[in-house]
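Peer 1: pasting the sequence and the predicted coordinates here, then a few questions.
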Amino acid sequence: MDEKQIQQIVTSVLSKLGEQAPTGKVQVIPSGTGSTSDPAQAGSMTGTSQSSSAPVADDGTSLEDLGSDKFKKWMGMESAKNSSVNEDLLKQTGARICVGRAGPRPRTIPLLRFLADHARSKDTVIKEVSPEWLKEHDLPEVQSQISSKDEYLTRPDLGRKLSAEARQLIKDKGIQSPTVQVVISDGLSTDAVTANYEELLPPLLKGLENAGLKLGRTFFLRYGRVKAQDEIGELLDAEANILLIGERPGLGQSESLSCYAIYRPNSETVESDRTVISNIHQGGTPPVEAAAVIVDLVKAMLEQKASGTNLKR
Ligand code: B12
């Protein structure tokens, strides 16, 4: 995709949301210089001798980021019949392919990347969204009936219910009978919240506002599970509830957010009443594009007074 096409997409998404096109040009950040499209760099990493395949320290103080494109797009197969096919495949996915092997064992770079991805995934589950971050984004915090990360992981049932304090705070600080109530929750990925917030929340709220909808006050739900959105929606008598929640991370994607949407949630709500838009992150549905998709989804839900399997899209 060239710069002009990217500029056009950004302009059309922003205009859908009722926003002005940016005055400056969209900045394209070049992908890892060591990708296979750069034979000089690739050569230095795929080098036939074992010693040259080790990543080098950039400034003598730290190793290179094993999660960078340079490593994700690393070509580990050295004797492919038609290497251009593999190179083409590599360009199209962040999946762990074309990593090669050293006899029956993984090669060093894919092994290190695997360990780094695994560590990143574990970190994002365990980390907390800091109170400072919430303050900076003016998000009132409420909590489920969970009191620690350990409990969160072992008691999903309690993550689906609000604590007594949370119920009170939502009643006190929330706006009653909104058309749309937005909630953001850490769920299974803290990075999903912090990495996507800036590009998702402001355009989403602006888009809903421009559609003339009455918005509730956005809350942050700590230790949340999807079903907690029903209780929040019911407490505030919201027509539509939108929950943005961190997804279970994979090995290679730990910043993915999902939007679970439901029309008139209540205690009788079942999973098939819910609609999900998943994989919101820079390498999936980009957050700014997701904002436009969610605005359209909300409009359809309100028009049809339905969500989940009852909604025609
Ligand atoms: C874990 C998971 C499951 C688990 C959920 C068990 C559990 N209690 O956690 C199981 C295996 C049961 C499952 C089942 C299904 N899943 Co599923 N699931 C996921 C996964 C890998 C992670 C979800 C997550 O992290 N949620 C956040 C945490 C915090 O939520 P939670 O409260 O702990 O758990 C709730 C959600 O996970 C939710 N949920 C999970 N899957 C789905 C699917 C739909 C359509 C809905 C409405 C809700 C839902 O149900 C759980 C209980 O309330 C995602 C992949 C992704 N990238 O998001 C796919 C994903 C969400 N699932 C998907 C699908 C299609 C399904 C099924 C319809 C498969 C089927 N044909 O039966 C069913 C529907 C289940 C339902 N709840 O209605 C798709 C949705 C595609 C879409 N955009 O519509 C995804 C994106 C996978 C994919 N790429 O295809 N799923």
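Peer 2: That came through fine. Numbering: from 1, shown residues only.
Peer 1: so Glu231 sits against Lys161, correct?
Peer 2: Yes - assessed by C-beta atoms under 8 Å, Glu231 is found in contact with Lys161 at 6.7 Å. Placement of C-beta: from N, CA and C, glycine included.
Peer 1: now the helices for the stretch 101-250 of the chain?
Peer 2: Ranges of helices in the stretch 101-250 of the chain, per DSSP state H, counting those that start in this stretch, are 108-126, 131-136, 149-154, 156-159, 164-173, 190-210, 228-236.
Peer 1: for the longest one, packing partners?
Peer 2: Meaning helix 190-210. On a contact count with 3 or more C-beta pairs under 8 Å, 6 or more residues apart in numbering; DSSP states H and E, helix 190-210 meets helix 3-16, helix 108-126, strand 180-185, strand 240-246, strand 257-263, strand 274-280, helix 287-304.
Peer 1: export those to a markdown table and tack on mean neighbour count, distance to Lys227 and mean pLDDT?
Peer 2: As requested, those are exported to a markdown table (neighbours: other C-beta atoms under 10 Å; distance: least, C-beta to C-beta, whole Å; pLDDT from 0 to 100):
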| stretch | mean neighbour count | distance to Lys227 | mean pLDDT |
| --- | --- | --- | --- |
| helix 3-16 | 14 | 31 | 73 |
| helix 108-126 | 17 | 19 | 94 |
| strand 180-185 | 26 | 11 | 98 |
| strand 240-246 | 27 | 9 | 98 |
| strand 257-263 | 24 | 9 | 98 |
| strand 274-280 | 19 | 9 | 97 |
| helix 287-304 | 20 | 18 | 98 |
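Peer 1: so which of these gets nearest the ligand?
Peer 2: Set against the ligand and scored by C-beta to the nearest ligand atom, the helices and strands packed on helix 190-210 come closest in strand 274-280, at 3.6 Å.
Peer 1: so what's Ile175 up against?
Peer 2: Lys214, Leu215, Gly216, Arg217, Leu236 (C-beta atoms under 8 Å, 6 or more residues apart in numbering).
Peer 1: ah, wrong one, I meant Leu200
Peer 2: Leu244, Leu257, Ile280, Pro287, Val288, Ala290, Ala291.
Peer 1: how does it look with 10 Å?
Peer 2: 184, 193, 244, 257, 259, 280-281, 286-291, 294 (C-beta atoms under 10 Å, 6 or more residues apart in numbering).
Peer 1: that one and Gln5: what is the separation?
Peer 2: 22 Å (C-beta to C-beta, to the nearest Å).
Peer 1: Gly76 reaches Ser83, doesn't it?
Peer 2: No - in this structure Gly76 lies outside contact range of Ser83 using C-beta atoms under 10 Å: 11.6 Å.
Peer 1: who has more neighbours, these two?
Peer 2: Each of Gly76 and Ser83 has its neighbours counted (other C-beta atoms under 10 Å); Gly76 has more, 20 against 14.
Peer 1: are we agreed that the more buried one is in a helix?
Peer 2: No - under DSSP: H, G, I helix; E, B strand; the rest coil, Gly76 falls outside any helix and is assigned coil.
Peer 1: distance check, the closest residue to it other than its chain neighbours against the ligand.
Peer 2: Spatial nearest neighbour of Gly76, excluding adjacent residues (C-beta to C-beta, 6 or more residues apart in numbering): Gly100 at 3.1 Å. According to C-beta to the nearest ligand atom, to the nearest Å, Gly100 and the ligand sit 28 Å apart.
Peer 1: quickly list what Leu215 is bridged to.
Peer 2: Here Leu215 sits in beta bridges with Val180, as judged by DSSP bridges.
Peer 1: how far away is it from Gln143?
Peer 2: Distance, Leu215 to Gln143, using C-beta to C-beta: 22 Å.
Peer 1: who's in contact with the spatially closest residue to Ser121 that is not a sequence neighbour?
Peer 2: Nearest non-adjacent residue to Ser121, counting by C-beta to C-beta, 6+ apart: Pro249, 4.0 Å away. When contacts are counted by C-beta under 10 Å, 6+ apart, Pro249 touches 117-118, 120-125, 188-192, 255-256.
Peer 1: and the protein, which of its residues are near the ligand?
Peer 2: Selection of the chain residues close to the ligand by C-beta under 6 Å from any ligand atom yields 156, 187-188, 225-227, 245, 247-248, 256, 258, 271, 274, 276, 278-279.
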